[in-house]
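Peer 1: could you look at this predicted model? Sequence included:
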Amino acid sequence: MTFGAATSITGSGSASASNSNTINFASYTQSSYIIRGFQIWDATTGGNMLFYGSIVAPSASFTLASGNQLQYPPASIKIGLI
């Protein structure tokens with residue numbers, strides 16, 4: 001996952017960055033799960049958690065069923081930096 005340079009949010013004193021490439025996850029093969037949050041780490045195994053949060057759009061959660069694949073197009077994940 002690659003993020004573009006942070007850009008200022010006018011009048012807020014903070015900035016945001018969004019993913020610059022499409023993020024694809026492998027097709028899900030287990031039972032259905034409800035996903036309500038996310039974490040971003042700096043390594044595939046071990047490493048450090050850099051960001052975490054709740055899913056806010058288009059809804060507060062979604063169900064991932066067997067055979068489904070998560071895919072996020074560019075600019076669909078935005079992280080606020082204070």
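Peer 2: Thanks, I have it. Residues are numbered from 1 along each chain as shown.

Peer 1: okay, the nearest residue to residue 27 once chain neighbours are set aside: pLDDT?
Peer 2: Once flanking residues are discounted, residue 27 sits nearest to residue 69: 4.6 Å by CB to CB, 6 or more residues apart in numbering. For the C-beta atoms, the positions are set from N, CA and C on the backbone; glycine is no exception. With respect to pLDDT, residue 69 scores 80.

Peer 1: isn't residue 69 right up against residue 23?
Peer 2: No. Using CB atoms under 8 Å, residue 69 is not in contact with residue 23; the gap is 11.0 Å.

Peer 1: more neighbours, these two?
Peer 2: Between residue 69 and residue 23, counted using other CB atoms under 10 Å, the more crowded position is residue 23 (14 against 10).

Peer 1: report the contact partners of that one.
Peer 2: Residue 23 sits next to 1, 70-72, 77 when contact means CB atoms under 8 Å, 6 or more residues apart in numbering.

Peer 1: now do it, the pLDDT please.
Peer 2: 84.

Peer 1: how far away is it from residue 65?
Peer 2: Per CB to CB, to the nearest Å, residue 23 is found 19 Å from residue 65.

Peer 1: got a list of what residue 6 touches?
Peer 2: Residue 6 neighbours (CB under 8 Å, 6+ apart): 15-17, 81.

Peer 1: the residue of the chain positioned farthest from its centre: which element?
Peer 2: Residue farthest from the centre of the chain, counting by CA atoms, centre = their mean, is residue 11 at 25.1 Å. For residue 11, there is no host helix or strand (DSSP states H and E).

Peer 1: pLDDT wise, what is it at?
Peer 2: Listed pLDDT for residue 11 reads 74.

Peer 1: please enumerate the strands of the protein.
Peer 2: Along the chain, counting by DSSP state E, strands occupy 7-9, 14-18, 23-24, 33-35, 37-41, 49-54, 62-64, 71-72, 78-81.
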